[in-house]
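S.K.: Generate coordinates for the sequence data below:
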Amino acid sequence: MALSGSFNIMGQRESSTVFTSQSITYPADLSEADPNYSKRGTTENILVPDLESYVSASYNNVYVTLGMVGIHYEGYMAENPRHRVHVQYNVYESQDARNNDFSNPLLKDDTVLLDFYDATTGSFDTNIVGIAYDILKNQEGWENMQDV
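M.R.: From the prediction side, this is the model:
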């Protein structure tokens, strides 16, 4: 199993035009060494830039295979443990390029940890390879990738 098609790697950056107002309350007992000492005991509203997505790299007509899939169990003894997956993938110019030299991809990258446990049913899919490819296809910017 592999993916073929075109995709974008997305990044996030602070917007220069869209902001959200947030209230900050400074404790009354700030030390004199604190840079906000003059604001102790007060509340102020500040504007914080929102995050916006952007295309940091594009790959067209490529072939993608899994390099590694890691499962992380967080809070194993907790009532609602988190089951998360980390996917490392390899990007090649084509299937032939992968078959001829699998150790030399155009790109070797990975995803952030993503949840894959379905807490509503109390179970999770045991096809980890299928999960990993679905995670890649469902990332923003990967809408044009297809199973091959």
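
S.K.: where exactly do the helices run in this protein?
M.R.: In order along the chain, the chain carries the following helices (DSSP state H): 95-100, 128-137.

S.K.: Let's have these in CSV, adding distance to residue 86.
M.R.: (Each C-beta comes from the backbone N, C-alpha and C, glycine too.) Shown next, in CSV, are the helices of the chain (distance: least, C-beta to C-beta, whole Å):
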stretch, distance to residue 86
helix 95-100, 22
helix 128-137, 9
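
S.K.: ok, and which of these has the densest surroundings?
M.R.: Per residue and on average, the most neighbours among the helices of the chain fall to helix 128-137, with a mean of 17 (mean count of other C-beta atoms under 10 Å).

S.K.: Let me see the residues that make contact with that one.
M.R.: By C-beta atoms under 8 Å, 6 or more residues apart in numbering, the residues outside helix 128-137 that reach it are 1, 3, 64, 66, 69, 71, 85, 87, 89, 111, 114, 116, 125, 142-143, 145, 147.

S.K.: According to the record, where do the domains of the protein fall?
M.R.: Taking automatic domain parsing as the domain assignment, the record places the domains of the chain at 3-8+59-147, 14-53.

S.K.: Quick one: end-to-end length of the first one, please.
M.R.: The one in question is domain 3-8+59-147. End-to-end distance of domain 3-8+59-147 (C-alpha to C-alpha, to the nearest Å): 5 Å.
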